[in-house]
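# coordinates only, sequence not included:
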DNA sequence: AACTTAAGCAACCTTTCGGTTGCATTTATT
DNA sequence: AATAAATGCAACCGAAAGGTTGCTTAAGTT
């Protein structure tokens, strides 16, 4: 079984996973911090959240699974970095959806004017 | 207490609610069907999903709450339509995030070249 | 008036989610 | 060698999510 999976037509499954990962404020805040382009250790990302390290660790795994962050081990710490890939897929999905909507509106408009 | 809420800086809370609503395949499929620009009754949207009418009804409420669809009563049926508002907010959020990321990369690049 | 269709409401069930605590492990530090 | 720091893993918990069934109500049909 093969699958087409180019950037112009994101797989719905992927999209749902990415959007679900974005659908939580704690995770959106983590992403915002990671957008500085540098890698951060878990303790560091935990700081100021009011949550435990394990909670943050779980959130980071969710983000990683969605392709929104990358992780790398460095000595005793695992550091996380922003991954633009997930974002681009989300944007692509919304763009395609918008385009479909616009096209439908246009068809509707033409149909009405046809009278 | 007042709040700024323009399209250039979407409120994170809103964003999380919208993304969470998009983070489910059943709902993405419903949205895809609603992108034809026309209104659909619940029974109609239920058809072909393999789920019950009530399940679909709940999903539609989630979408409505996120500003992704609108509903209107017409006789004994309530009909749902696509609402571009939620989509635009989601797109705006991702755009701002991307821009921040790009800016951070640029700063990093400049910093390195400064050597 | 009788019947059918479209929905809403509410209770209930199971699974997932967001979070915590406790303990073991690995990698610095002193 | 002994201690401290950063994690990972696993069990556990309460709340929310996704779904179902049953019953009521409102609006069309015949």
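That came in fine, so what should we check first? Note that this is a predicted model, so its numbers are computed, not measured.
# Tell me which stretches of chain A form strands.
Under the criterion DSSP state E, chain A contains strands at A:40-41, A:69-74, A:77-82.
# how about CSV for these, with mean pLDDT and mean neighbour count added?
The way it works is simple: take the backbone N, C-alpha and C, and place the C-beta from them, glycine included. Below are the strands of chain A laid out as CSV (pLDDT from 0 to 100; neighbours: other C-beta atoms under 10 Å in any protein chain shown):
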stretch, mean pLDDT, mean neighbour count
strand A:40-41, 98, 18
strand A:69-74, 98, 14
strand A:77-82, 98, 18
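# so can I have JSON lines of these showing distance to residue B:31?
Listed next are the strands of chain A as JSON lines, based on distance: least, C-beta to C-beta, whole Å:
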{"stretch": "strand A:40-41", "distance to residue B:31": "34"}
{"stretch": "strand A:69-74", "distance to residue B:31": "26"}
{"stretch": "strand A:77-82", "distance to residue B:31": "27"}
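# Those: which one's closest to residue B:78?
With C-beta to C-beta, the closest approach to residue B:78 among those belongs to strand A:69-74: 40.5 Å.
# The closest one pairs with which strands, parallel or anti?
Strand A:69-74 has the following strand partners under DSSP bridges: strand A:77-82 (antiparallel).
# Can the strand it pairs with be said to contact DNA strand C?
No. On the criterion C-beta under 7 Å from any atom of the strand, strand A:77-82 is out of touch with DNA strand C, staying 7.8 Å away.
# for stretch A:17-26, same thing?
Yes. Against DNA strand C, stretch A:17-26 shows contacts by C-beta under 7 Å from any atom of the strand at A:20, A:23, A:24, A:26.
# which residues sit against that stretch?
Contact with stretch A:17-26 is made by A:27-28, A:31, A:49, A:51, A:55-56, A:59, A:62-63, A:65-68, A:86, A:89-90, A:93, B:12-13, B:15-24, B:28, as judged by C-beta atoms under 8 Å, 6 or more residues apart in numbering or on different chains.
# Using PyMOL, make a named selection holding only the buried ones among those.
Command for PyMOL that selects the buried part of the contacts of stretch A:17-26, burial taken from 16 or more other C-beta atoms under 10 Å in any protein chain shown:
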select buried, (chain A and resi 27+28+31+56+59+62+63+66+67+68+86+89+90+93) or (chain B and resi 15+16+17+18+19+20+21+22+23+24+28)
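# Filter the contacts of stretch A:17-26 down to the ones in helices?
Counting by DSSP state H, those place A:27-28, A:31, A:55-56, A:59, A:62-63, A:65, A:86, A:89-90, A:93, B:12-13, B:15-22, B:28 in helices.
# contacting residues around the closest residue to residue A:105 other than its chain neighbours?
Among residues not flanking residue A:105 along the chain, residue B:37 sits closest, at 5.3 Å (C-beta to C-beta, 6 or more residues apart in numbering or on different chains). Listed by C-beta under 8 Å, 6+ apart, the contact set of residue B:37 reads A:101, A:104, A:105, A:107, A:108, B:81, B:82.
# Max pairwise distance over those: which two?
Across these, no pair lies farther apart than A:107 and B:81, at 15.4 Å, counting by C-beta to C-beta.
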